[in-house]
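J.: need coordinates for the following:
(one chain, ligands or ions: 2)
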Amino acid sequence: MTAHAPGRPVRAVLFDLDGTLLDSIPDLSEACHRMMVELGRAPHSIDTIRTFVGKGMLNLVRRCLAEHGTASDAEMAEAVAAFQRHYTEVNGLATTIYEGVVPALAALQAQGVAMACVTNKPAAFTGPLLERMGIAGYFGATVSGDTLPEKKPHPAPLIHACELLGVTVAESLMIGDSANDAEAARAAGMPVLLVTYGYSEGMPVDSIECDGLLSSLVDALPRIR
Ligand SMILES: O=C(O)COP(=O)(O)O
Ligand SMILES: [Mg+2]
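T.: Ligands and ions are numbered 1, 2, ... in the order given. Below you'll find the model as predicted:
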């Protein structure tokens, strides 16, 4: 926790969503599978889809189509429309909450720590998913991939979340699973912890510069006092 002065209280924690709070890959993969079948293309495995998630929906769809070369605007538009339709149908059905998440969120809430969800997932999917998984009530703010013109690894969504929570960046902590989270936090000027169980676009998570690794969100609690 080098970026925080010792003993400095953390008043807010910003959480990444996919791969940090929720294992959403089964539903994302199902939506990609149905999209590819509809387009008459060979679907990718769930392990491949896991490496495509992190920079938002358009990037996920673009990467799904990429093996036939760069998709045209028309191909992208058709694929994105198909993905949105299919993901709307399955979003939350096979998604699970990682162990340790609810106890950690409940403990932080009891401590009076403000919490926000800062995700690259589009807002149309974020709100319904948080509601379905029963964790929406923990968050005082949600910033999605299309809330602002910029998404992670740009720092703007994190800074915006702090503004919505009424805290400064200096008294906030980011917890995520990928270089997008780590780079956004660094650029915003806040410390960042990364979970070891999430999706990091195929990069070993321990190769990403951060202030600490967590095998469970409850392991973050002793650092947030
Ligand atoms: O939508 C994505 O690509 C990833 O979303 P995340 O920022 O919650 O990990
Ligand atoms: Mg993530």
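J.: quick one: end-to-end distance for stretch 99-118.
T.: Start-to-end span of stretch 99-118 (CA to CA, to the nearest Å) is 20 Å.
J.: now that stretch: buried residues?
T.: Judged by neighbour count (16 or more other CB atoms under 10 Å), stretch 99-118 contains these buried residues: 100-102, 104-105, 108, 113-118. Bear in mind the C-beta positions are built from the backbone N, C-alpha and C, glycine included.
J.: secondary structure for those - can I get that in TSV?
T.: Output for the buried residues of stretch 99-118, formatted as TSV (DSSP: H, G, I helix; E, B strand; the rest coil):
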residue	secondary structure
100	coil
101	helix
102	helix
104	helix
105	helix
108	helix
113	coil
114	strand
115	strand
116	strand
117	strand
118	strand
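J.: reformat the residues you listed as CSV; add pLDDT and distance to residue 42.
T.: Converted to CSV, these look like this (pLDDT from 0 to 100; distance: CB to CB, whole Å):
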residue, pLDDT, distance to residue 42
100, 98, 36
101, 98, 34
102, 98, 38
104, 98, 39
105, 98, 39
108, 98, 43
113, 98, 46
114, 98, 45
115, 98, 40
116, 98, 39
117, 99, 34
118, 99, 34
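J.: and which of those is nearest ligand 2?
T.: For the buried residues of stretch 99-118, the residue nearest ligand 2 by CB to the ion is residue 118; the value is 9.8 Å.
J.: list the contacts for the residue of the chain found nearest ligand 2?
T.: Here the chain gets closest to ligand 2 at one residue, residue 19, 3.8 Å apart by CB to the ion. Going by CB atoms under 8 Å, 6 or more residues apart in numbering, residue 19 touches 25, 53-54, 176-178, 195, 197-200.
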